[in-house]
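**Q** Need coordinates for the following:
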Amino acid sequence: MNTTPAPVVLITGALTGIGRATALAFAREGASVVVSGRRDDAGHALAAELRALGVRAEYLRADVRHEADVRSLVEQTVERFGRLDVAVNNAGTEGQLGPITEQTAENVAATFDTNVLGTLLALKHELRVMLKQGAGSIVNLSSIAGQVGMAGASVYVASKHAVEGLTKSAALEGAALGVRVNAVAPGPVATDMLDRFTGGSEEARGGLLSMMPAKRAATPEEIAQTIVFLAGDKARFLTGQCIAVDGGYTAQ
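**A** Coordinates of the predicted model:
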């Protein structure tokens, strides 16, 4: 009989796309899952769907741009489940796309508040718990755009480049104390964000995917499986890395 307690997993930005797929993937592995976002109806529905898979699950509302929300999210997770084993920092936005010459200070601030400040605040409070435990695994969501650049998405690219810097710095702080921090950098994924990036144009979508060696977008489930692997014991000597999941794009 296996008496090992189920790992406790916290996922921000969990209500759609990669976040939702990741929550379901961890639940199918038997983990207890806390999902977070800003839409209560969708959050409670997802938590019920996870519980139907036979695991403990809760929805907690939080806006990662606000430290009080992030602190409360982590504290409530530990209060309800006793510990925090895995955190997936998925909340993010592409902001307003367009040439650098059309960017505004407001768009930079709004995009960085979610993608960079939100990730930093999550790391801050997750690490406080995990360092005290002497164990834990954190996975941040980056993008291949943060590695190779993308015309018309300068602010998004810069924010994801910053996420990779935060990942490496946090990994160095946690490595000797049993805490791993990595990032996943997806290529195009079949989500609403891909539709926004391509302006809802099938021609633009096709043109983008034609540049991918795999000739298709990833599914959210494919990214989720990489996250589950990266967070788990099978990758326990992996830290400070950003894993590109891009159908071969960055191999070109």
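**Q** Only C-alpha atoms from now on, for both contacts and neighbour counts.
**A** Will do.
**Q** all strands for this protein, in order.
**A** 8-12, 32-37, 57-61, 86-89, 136-141, 179-186, 242-245 (DSSP state E).
**Q** got those as a markdown table, with mean neighbour count and distance to residue 48 columns?
**A** Shown next, in a markdown table, are the strands of the chain (neighbours: other CA atoms under 10 Å; distance: least, CA to CA, whole Å):
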| stretch | mean neighbour count | distance to residue 48 |
| --- | --- | --- |
| strand 8-12 | 26 | 15 |
| strand 32-37 | 27 | 11 |
| strand 57-61 | 23 | 8 |
| strand 86-89 | 27 | 20 |
| strand 136-141 | 27 | 24 |
| strand 179-186 | 26 | 27 |
| strand 242-245 | 21 | 30 |
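**Q** now the top helix by length along the chain against strand 179-186, angle please.
**A** Across the chain, the longest stretch assigned as helix under DSSP state H is helix 154-174. Put simply, helix 154-174 runs at 160 degrees to strand 179-186, going by axes from the mean of the first three to the mean of the last three CA atoms, to 10 degrees.
**Q** any idea of the pLDDT on residue 1?
**A** pLDDT, residue 1: 46.
**Q** just use 56 as the starting number from now, easier for me
**A** In the new numbering, first residue 56, that becomes residue 56.
**Q** still on that earlier bit, output the strands of the chain as CSV; include the columns distance to residue 101 and mean pLDDT.
**A** Listed next are those as CSV, based on distance: least, CA to CA, whole Å; pLDDT from 0 to 100:
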stretch, distance to residue 101, mean pLDDT
strand 63-67, 12, 98
strand 87-92, 8, 98
strand 112-116, 8, 98
strand 141-144, 16, 98
strand 191-196, 20, 98
strand 234-241, 23, 97
strand 297-300, 25, 96
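**Q** quick one: which of those strands is nearest residue 79?
**A** For those, the distance to residue 79 is smallest for strand 87-92, at 8.8 Å, taking CA to CA.
**Q** Note down every partner strand of that closest one and its orientation.
**A** In the sheet, strand 87-92 lines up against strand 63-67 (parallel), strand 112-116 (parallel) (DSSP bridges).
**Q** one step back: closest one to residue 123 among the strands of the chain?
**A** strand 112-116 (11.7 Å).
**Q** Tabulate the CA atom coordinates of the closest one in PDB.
**A** Provided in PDB are the C-alpha atoms of strand 112-116 (Å, rounded to 0.1, in the frame of the first residue of the first chain):
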ATOM      1  CA  ALA A 112      -8.800  20.300  -5.500                       C
ATOM      2  CA  GLU A 113      -9.600  23.900  -4.700                       C
ATOM      3  CA  TYR A 114     -10.100  27.200  -6.500                       C
ATOM      4  CA  LEU A 115      -8.600  30.300  -5.000                       C
ATOM      5  CA  ARG A 116      -9.100  33.700  -6.600                       C
END
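**Q** Excluding its own residues, what touches that strand? List them.
**A** When contacts are defined by CA atoms under 8 Å, 6 or more residues apart in numbering, strand 112-116 is touched by residues 87-95, 98-99, 101-103, 105-106, 128.
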